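Engineer: Any chance you can model this:
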Amino acid sequence: MTNKSKKLGKPDKPKKSSKPQKELEILISCKKAFNKCYVPFLDDETYCQIFFGGSSSGKSYFLAQRTVLDILQSDHNYLVIRNVAKTIRNSCFNEISKAINFFKVGQYFSINKSDMVITCLLNDNQILFGGLDDPEKLKSITPKKGVITDVWIEEATETEYAAIKQLEKRLRGQAESKKRLILSFNPILQDHWIYNEFFGQWDETQTLYKSEDGQLLIFKTTYKDNRFLTDEDIYRLENEKDEYYRNVYTLGNWGILGDVIFKNWRIEDLSNLKIMVDKFYNGLDFGWSPDPAAGVRVYYDKPRKTLYVLDELYEWGLTNDKLAEKIKNMIGQNESIVCDSAEPKSIAELNAHGVKAIAAIKGKDSIQHGIQWLQQQEIVIDRHCQYTINEFRTYHRKKDKQGNTLPEPEHKNSHVIDAFRYTMECESLQQFTGSFKDYESFNKSSFMKPLFLQDYD
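Structural biologist: Presented below is the predicted three-dimensional model:
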């Protein structure tokens, strides 16, 4: 190691004799490190492993913990995947980084945040990250030493069957460790390909299934298996009123959803269209936590009544200055974005940070009118807009205590869809009110003007 490299902050590679084997053995044997239900799977070598169930069950964090331990101790190289690459940084990458800190082994790892590559300095084993939306990059991903031994697909219900079959081809080549394909997810609908492919012998009264040939393991958990939850987390899950969300996210069961609102949509690769069109509609639904700020960018082919969702924004915990930067990266310099008028102060702050943010008009029956108008269009969603796809798959109507369908939608996960309604309000208002309402006039009205820091040109 030269003096120059030390000045640049390059860590000395720990000697192999410094491998923290005893410390790791103590951690692994310590029950406080793990949720008890997952401990039997720390060394499980079943080829296909499925960890599914309710929200906040600890399954993803356990897999992150196991990944770190595998990389430290064994001949493992992990490829961690989500359907869309940009969603992985705030999920698996952060979970694995937290697990490294939890085990206090940060000195044994090099974490490249820009390329999202984590390397163990003791043995050159690596954790690589990627998205199924960039197949060419996935083909070129290769570990520094050896071959990929484990493919972990987080939120596997976002993926298509053909993509997973292609991923399995990455599990080839000789290695000391047995190869594993790992899927983790909250179940959505029983018509999903994962349910049809793997759950033929699944018994809903059990929590663990192992196939006779030893090639498939399925393990179901819920919030009750996670002893690290707060009382507030538990209360929120146990008091879920919507039947579908309670069944899926609280109880961890496969959902049955008969009242999906949107059936007029499909997924396509819109990469070429993005550079061909020059008129866009932009919308924003404000959020912080647990609800995200959600934005959408749309092109409307009015003669063909076809909406194209070209880009999305979906972030938690953004202050308005940070949100403004994200919006600027999504929309053009001279474009405006229609925002939820319930937050005029946030709209004013976005304007102060250089975003032409204007308030949605909303008004009586605006939700129903917006939904009805969207239902009358053909909607094409770019395959990179994963959060938009997720919402369209599960957006449904409420039910009363007797199970009767109500006209209003369940708004628990409708952040992008709300932004979508604001985006196209100028079109839907014409249809349902018979006139076009001027956004500029509304935003300069007595309701908004005192809160704005600058007027529009």
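Engineer: Any stretches of the stretch 351-457 of the chain with poor pLDDT?
Structural biologist: Applying pLDDT under 70 to the stretch 351-457 of the chain picks out residues 401-403, 430-457.
Engineer: quick one, helices of it?
Structural biologist: Taking DSSP state H, counting those that start in this stretch as the test, the helices found in the stretch 351-457 of the chain are 366-375, 386-394, 415-423, 425-433, 439-443.
Engineer: Quick one: mean pLDDT for stretch 285-297?
Structural biologist: Stretch 285-297 carries an average pLDDT of 93.
Engineer: Adding mean neighbour count and distance to I96 as columns, could you present the helices of the stretch 351-457 of the chain in JSON lines?
Structural biologist: Placement of C-beta: from N, CA and C, glycine included. Formatted as JSON lines, these follow (neighbours: other CB atoms under 10 Å; distance: least, CB to CB, whole Å):
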{"stretch": "helix 366-375", "mean neighbour count": "18", "distance to I96": "38"}
{"stretch": "helix 386-394", "mean neighbour count": "22", "distance to I96": "20"}
{"stretch": "helix 415-423", "mean neighbour count": "26", "distance to I96": "26"}
{"stretch": "helix 425-433", "mean neighbour count": "17", "distance to I96": "41"}
{"stretch": "helix 439-443", "mean neighbour count": "16", "distance to I96": "44"}
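Engineer: what about D225, how many neighbours?
Structural biologist: The number of residues packed near D225 is 22, by other CB atoms under 10 Å.
Engineer: related to what we said a few turns ago, for F93, find the nearest of the helices of the stretch 351-457 of the chain.
Structural biologist: helix 386-394 (15.6 Å; CB to CB).
Engineer: can you list the domains in the protein?
Structural biologist: 44-250, 265-451 (automatic domain parsing).
Engineer: Out of the ones you listed, which gets the lowest mean score?
Structural biologist: domain 265-451 (a mean of 85).
Engineer: Number of residues surrounding P407?
Structural biologist: Other residues close to P407 by other CB under 10 Å number 9.
Engineer: One more: E176?
Structural biologist: Neighbours around E176, by other CB under 10 Å: 9.
Engineer: Next one: the nearest residue to K328 once chain neighbours are set aside from T319, what distance?
Structural biologist: Counting by CB to CB, 6 or more residues apart in numbering, the nearest residue to K328 once its immediate chain neighbours are dropped is V355, at 6.5 Å. Separation of V355 from T319 (CB to CB, to the nearest Å): 13 Å.
Engineer: that older thread, can I assume the residue nearest to K328 is in contact with A324?
Structural biologist: Yes - counting by CB atoms under 8 Å, A324 is a contact partner of V355 at 4.9 Å.
Engineer: And the two? Which one has more around it.
Structural biologist: Taking neighbours as other CB under 10 Å, V355 and A324 compare with V355 leading, 24 against 20.
Engineer: what's near enough to touch the more buried one?
Structural biologist: 324, 327-328, 337 (CB atoms under 8 Å, 6 or more residues apart in numbering).
Engineer: could you redo those residues as JSON lines and give each row distance to T306 and secondary structure?
Structural biologist: Shown next, in JSON lines, are the contacts of V355 (distance: CB to CB, whole Å; DSSP: H, G, I helix; E, B strand; the rest coil):
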{"residue": "A324", "distance to T306": "30", "secondary structure": "helix"}
{"residue": "I327", "distance to T306": "25", "secondary structure": "helix"}
{"residue": "K328", "distance to T306": "27", "secondary structure": "helix"}
{"residue": "I337", "distance to T306": "21", "secondary structure": "strand"}
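Engineer: Distance to Y38 added to the domains of the chain, as CSV?
Structural biologist: Supplementary listing: those in CSV, determined by distance: least, CB to CB, whole Å:
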stretch, distance to Y38
domain 44-250, 4
domain 265-451, 24
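Engineer: F34: which of the ones you listed is closest?
Structural biologist: Nearest of the domains of the chain (CB to CB): domain 44-250, 6.6 Å.
Engineer: Let's see the distance spanning the closest one from one end to the other.
Structural biologist: 27 Å (CA to CA, to the nearest Å).
Engineer: the strands in the stretch 201-350 of the chain, which residues?
Structural biologist: For the stretch 201-350 of the chain, applying DSSP state E, counting those that start in this stretch gives strands covering 208-210, 216-221, 265-268, 281-285, 293-301, 306-315, 336-339.
Engineer: which stretch among these comes nearest G106?
Structural biologist: Here strand 306-315 is closest among the strands of the stretch 201-350 of the chain (CB to CB), at 26.0 Å.
Engineer: Touching, L429 and I361? I think so.
Structural biologist: Yes - in this structure, L429 is within contact of I361 by CB under 8 Å, at 6.9 Å.
Engineer: which residues does T207 contact?
Structural biologist: T207 touches 219-221, counting by CB under 8 Å, 6+ apart.
Engineer: Nearest to A342, out of those residues: which one, please.
Structural biologist: T221 (36.8 Å).
Engineer: and the gap between the closest one and W152?
Structural biologist: The value you get for T221 to W152, if CB to CB is used, is 16 Å.
Engineer: Those two - which one has more neighbours?
Structural biologist: Between T221 and W152, counting by other CB under 10 Å, W152 is the more crowded of the two (26 against 22).
Engineer: With respect to K36, which of the strands of the stretch 201-350 of the chain lies nearest?
Structural biologist: It's strand 216-221; of the strands of the stretch 201-350 of the chain, that one is closest to K36 (CB to CB) at 10.9 Å.
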